[in-house]
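Q: With the input below, show me the fold.
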Amino acid sequence: MHRHNFVNAAHVQIFTTGVGEDVVPARRVLARLSLPEASLYLPSALAELRGFLQAQTTVMASRLHAAILALVEGIPVIGLAVSPKIHEFLQTLGLQHYSVPVRDGRVTWRLLDLIESS
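A: Okay, the predicted model is just below:
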């Protein structure tokens with residue numbers, strides 16, 4: 001069994017791409033994490049979002065636009081494939097191994113392995 005300590009070493013930031021309908025789910029994710037060092041970032045403009053993304057080392061995205069914007073900024077992406085869109089997008093770029101099907105029971109360990117290797 002793997003031992004992962006990335007949460008202790010990394011600051012987890014939940015963000016939206018500025019779409020209002022994503023705010024409530026983002027707040028729920030933040031609450032469920034129960035990490036004192038975790039935070040929520042809600043950009044009000046594209047320039048703010050770009051600056052935020054440029055400061056990240058890795059982005060885990062469940063929304064296609066978040067994945068696209070992170071990759072445009074040169075930030076590695078781990079796609080949480082809730083729907084086929086993210087997997088298909090990453091596959092077209094030859095990055096399908098960074099797509100994690102959310103319904104996969106091994107998703108947690110797969111994510112941890114990808115985070116540690118990025």
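Q: any idea which strand is longest in this protein?
A: strand 77-81 (DSSP state E).
Q: Please name the strands paired to that strand in the sheet, noting orientation.
A: Using DSSP bridges, strand 77-81 pairs in its sheet with strand 59-61 (parallel), strand 99-101 (parallel).
Q: Would you mind finding the most buried of those?
A: strand 59-61 (a mean of 22; mean count of other Cβ atoms under 10 Å). Yep, even glycine has a C-beta here, placed from its N, CA and C like the rest.
Q: Report whether the expected contact of residue 38 with residue 27 is present.
A: No. With contact defined as Cβ atoms under 8 Å, residue 38 does not reach residue 27; the gap is 11.4 Å.
Q: Between those two, which is the more surrounded one?
A: residue 38 (17 against 14; other Cβ atoms under 10 Å).
Q: Tell me, how many residues neighbour the closest residue to the more buried one other than its chain neighbours?
A: The shortest distance from residue 38 to any non-neighbouring residue, by Cβ to Cβ, 6 or more residues apart in numbering, is to residue 12 (4.3 Å). Neighbour count of residue 12, defined by other Cβ under 10 Å: 14.
Q: Kindly report the same for the one 4 residues further on.
A: Other residues lying near residue 16 total 21 when counted by other Cβ under 10 Å.
Q: which residues does it contact?
A: Residue 16 makes contacts with 22, 23, 26, 41, 42, 43, as judged by Cβ atoms under 8 Å, 6 or more residues apart in numbering.
Q: That one and residue 62, how far apart?
A: The span separating residue 16 from residue 62 equals 11 Å under the rule Cβ to Cβ, to the nearest Å.
Q: ok, now residue 29?
A: Residue 29 is 9 Å from residue 62, by Cβ to Cβ.
Q: out of these two, which sits in the more crowded spot?
A: Between residue 29 and residue 62, counted using other Cβ under 10 Å, residue 62 has the larger neighbour count: 17 against 13.
Q: circling back: got the angle for the helix or strand that the longest strand of the chain is followed by vs strand 77-81?
A: Going down the chain from strand 77-81, the next helix or strand is helix 84-92, by DSSP states H and E. Relative orientation of helix 84-92 and strand 77-81, computed by axes from the mean of the first three to the mean of the last three Cα atoms, to 10 degrees: 140 degrees.
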